[in-house]
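> no FASTA, just this:
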């Protein structure tokens, strides 16, 4: 009897979902073209995204070729209006009173970090941003150059083996960026090595987040039930919460021992100093509650673990395919007396002035961020009815900006093939490219708050690798491709590592 009742309820849910779904299709097409969605899954299956045949950005490029710069894409039961031109992006990013961060930016992420800045909008976001954003500005993060360089040295010494083909570089890159965010943001040694417990737990956490995100079209109570019954997730969640407690407790103990003037100017210091259980959204400067503080710590760690690591993996992949780029970077380092040579045995110190002088190295990082589909799209939700390029957008509808589409569009990038990795393009036709045509970190008031740290971290680690005369060599198995998680990283890396001379 119970089985029949359960079956009946499931059938009723399916019928109601189908009727609602058909109603949504008729109501929200907005006159834009798009593939016919499938019940519950929308276009996730017929686009090849859910089956692994295409990454998200590959699907967006495919639909742009098929339908043009504007089309509808169904993320499960959610119709999304996709815009792929620079003009669209500028209009949407500039109108902060009409467009706000969409919940579909990270679907269901509120189940994991309900008090995180990435899930908030309006007054809640402003209150959190007041605490978080100052700590990620370039003037703050540039003070930690030596820490980033030390983490890069740790990566080189522990992970890179001469004359060996490395097939695990994505996971190894995650150790670097996780340790960097631990030291810089929290003054805490996470001890993140490839198979360390901390890193494995973060991998488990990300895996569950991705699973829940892609099935956001299902009722949220099902996702909650899945998390409750998933013992692996429960174990991971307990571990991470204990880690957050340790990080916060360490900082509280440190603050008790020193004056306010002696406290380090980092994220955890700012978070702990802002602790206020009476924090409210009517007063932007009222600080954060303890629950909010924990979620911000976890969010920062996830971002450091996943996004910057993906950028580093793509940088190494592109360098392995372009040995002349590695040579030119090393030549520039040599010209600036920063390269280890037979005559210079000690490692020259990196400073702000020295890395700012490395023009070609900067162009390499710029090209990595342009071409790599780290975060290939971003989303906004309309707070009121509006029009974008003669397309009506109703209040509550989600719009998606194809950032990777714009980053590789020949209308905005004129030197050679814009889908190729060519740092020299910024010395030629693309020297004066439109600044909004490079959308690595989103745009507008909801652009990535950690972009200055991510840019600096990527640049310093790559410079350190070249400074220590590491060479990445291509192999036949180094085929690349795309694997989608929270970010999109190289699917197949098989890179031989060599060291040019003595270390």
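Noted; the coordinates are in hand. Only a predicted model underlies this, so the values are computations on that prediction, with no experimental measurement involved.

> Every contact and neighbour count from this point should use C-alpha atoms.
Noted.

> per-residue pLDDT, residue 435?
At residue 435, the model reports a pLDDT of 83.

> and it, how many neighbours does it have?
Look at residue 435: counted by other CA atoms under 10 Å, it has 7 neighbours.

> Next one: it from residue 426, what distance?
Separation of residue 435 from residue 426 (CA to CA, to the nearest Å) stands at 12 Å.

> which intervals of the stretch 251-400 of the chain have sub-threshold pLDDT?
Confidence mapping of the stretch 251-400 of the chain against pLDDT under 70 gives the ranges 260-264, 284, 342-345.

> Please, where are all the strands along it?
377-382, 386-388, 391-393, 398-402 (DSSP state E, counting those that start in this stretch).

> Please identify the most buried of these.
Of all the strands of the stretch 251-400 of the chain, strand 398-402 carries the top mean neighbour count, a mean of 26, counting by mean count of other CA atoms under 10 Å.

> Name the strands paired with it and say parallel or antiparallel.
Strands that pair with strand 398-402, judged by DSSP bridges, come out as strand 78-83 (parallel), strand 377-382 (antiparallel).

> Of those strands, which is nearest residue 145?
Closest to residue 145 of the strands paired with strand 398-402 is strand 377-382 (CA to CA; 29.5 Å).

> Roughly how far does the residue nearest in space to the middle of the chain sit from residue 102?
The residue lying closest to the centre of the chain (CA atoms, centre = their mean) is residue 307, at 3.5 Å. Distance, residue 307 to residue 102, by CA to CA: 19 Å.

> try residue 134
Counting by CA to CA - residue 134 and residue 102 are separated by 23 Å.

> Residue 72: what secondary structure?
Of the three states, residue 72 takes strand according to DSSP: H, G, I helix; E, B strand; the rest coil.

> re the thing from before, in TSV: the strands paired with strand 398-402, plus distance to residue 332.
What follows is those, written out as TSV (distance: least, CA to CA, whole Å):
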stretch	distance to residue 332
strand 78-83	40
strand 377-382	34
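
> Let me have the strands of the stretch 251-400 of the chain in JSON lines, adding distance to residue 259 as columns.
JSON lines is the format used below for the strands of the stretch 251-400 of the chain (distance: least, CA to CA, whole Å):
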{"stretch": "strand 377-382", "distance to residue 259": "42"}
{"stretch": "strand 386-388", "distance to residue 259": "51"}
{"stretch": "strand 391-393", "distance to residue 259": "53"}
{"stretch": "strand 398-402", "distance to residue 259": "46"}
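
> Which one of these lies nearest to residue 471?
Across the strands of the stretch 251-400 of the chain, closest to residue 471 is strand 377-382 (CA to CA), at 31.9 Å.

> chain center to the closest one, what's the gap?
Relative to its chain's centre, strand 377-382 lies at 15 Å (CA atoms, centre = their mean, to the nearest Å).

> do the same with stretch 62-73
Here the centre of stretch 62-73 is set off from its chain's centre by 24 Å, with CA atoms, centre = their mean.

> Give the buried residues for that stretch.
Neighbour counts using 16 or more other CA atoms under 10 Å place 63-64, 69-73 of stretch 62-73 among the buried residues.

> Would you tell me which one of the residues you listed comes nearest to residue 183?
Nearest to residue 183 among the buried residues of stretch 62-73: residue 73, at 40.5 Å, using CA to CA.

> nearest residue to that closest one other than its sequence neighbours?
residue 80 (5.2 Å; CA to CA, 6 or more residues apart in numbering).

> wait, that neighbour sits on residue 396?
No. Counting by CA atoms under 8 Å, residue 80 sits too far from residue 396 to count as a contact (10.7 Å).

> ok, the two, which is more surrounded?
A count of neighbours by other CA under 10 Å puts residue 80 above the other of residue 80 and residue 396, at 22 against 14.

> check contacts around the more buried one.
Listed by CA atoms under 8 Å, 6 or more residues apart in numbering, the contact partners of residue 80 are 72-74, 397-400.

> same check, this time on residue 463
Going by CA under 8 Å, 6+ apart, residue 463 touches residue 361.

> now it: how far from residue 328?
Residue 463 is 12 Å from residue 328, by CA to CA.

> and if you look at residue 302?
34 Å.

> Wasn't residue 61 part of a helix?
Yes. Applying three-state DSSP, one finds residue 61 inside a helix.

> hang on, it packs against residue 405?
Yes. Between residue 61 and residue 405 there is a contact under CA under 8 Å: 6.2 Å.

> of the two, who's got more company?
Neighbour count, other CA under 10 Å: between residue 61 and residue 405, residue 405 has more, with 27 against 19.

> Could you look up the SS state of that one?
What three-state DSSP gives for residue 405 is helix.

> now it: how far from residue 94?
Taking CA to CA, one finds residue 405 at 19 Å from residue 94.

> So which of residue 302 and residue 328 has more stuff around it?
residue 302 (19 against 14).

> Residue 147 is in contact with residue 184, correct?
Yes. Using CA under 8 Å, residue 184 is in contact with residue 147, at 7.2 Å.

> Comparing these two, which residue is more hemmed in?
Legend: neighbour count by other CA under 10 Å for residue 184 and residue 147, higher for residue 184 (24 against 16).

> which phi and psi does residue 115 have?
The phi/psi pair for residue 115 (degrees, to the nearest 10) reads phi -110, psi 30.

> can you offset everything so residue one is 499?
Got it, the first residue is 499 from now on, which makes the last one we talked about residue 613.

> Was I right to think it contacts residue 787?
No. Counting by CA under 8 Å, residue 613 does not reach residue 787; the two are 9.2 Å apart.

> higher neighbour count, those two?
The neighbour comparison of residue 613 against residue 787 (other CA under 10 Å) goes to residue 613, with 22 against 18.

> Could I get the contacting residues of that one?
Residue 613 sits in contact with 789-790, 793-794, where contact means CA under 8 Å, 6+ apart.

> Buried among those residues? Need that as a selection in ChimeraX.
To isolate the buried members of the contacts of residue 613 in ChimeraX, using 16+ other CA under 10 Å:
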select :790,793,794
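
> Between all of the contacts of residue 613, which two are separated the most?
The largest separation in the contacts of residue 613, counting by CA to CA, is between 789 and 794 at 8.8 Å.

> returning to that earlier point: who has more neighbours, residue 632 and residue 600?
Shown here are residue 632 and residue 600; by other CA under 10 Å, residue 600 has more neighbours (22 against 17).

> Would you list the phi and psi of that one?
Here residue 600 shows phi and psi, under degrees, to the nearest 10, equal to phi -90, psi 140.

> Now name the helix or strand holding residue 739.
Taking DSSP states H and E as the criterion, residue 739 maps to helix 729-755.

> nope, residue 994 is what I meant
strand 993-997.

> for that strand, what is the average pLDDT?
The model assigns strand 993-997 a mean pLDDT of 97.

> by contact count, what packs against that strand?
strand 662-664, strand 968-971 (3 or more CA pairs under 8 Å, 6 or more residues apart in numbering; DSSP states H and E).

> and the ones you listed, which is most packed in?
The stretch of the helices and strands packed on strand 993-997 with the highest mean neighbour count (mean count of other CA under 10 Å) is strand 968-971, at a mean of 22.

> That one pairs with which strands?
Paired neighbours of strand 968-971 in the sheet (DSSP bridges): strand 993-997 (antiparallel).

> Let me see the ranges of the helices in the stretch 699-848 of the chain.
718-727, 729-755, 765-771, 788-819, 821-833 (DSSP state H, counting those that start in this stretch).

> looking at the ones you listed, which is closest to residue 622?
Closest of the helices of the stretch 699-848 of the chain to residue 622 is helix 788-819, at 10.6 Å (criterion: CA to CA).

> ok now that closest one, how far from the chain's centre?
6 Å.

> Check which residues of it are buried.
The neighbour-count check on helix 788-819 (16+ other CA under 10 Å) flags 788, 790-819 as buried.

> by how many degrees do it and helix 729-755 diverge?
110 degrees (axes from the mean of the first three to the mean of the last three CA atoms, to 10 degrees).
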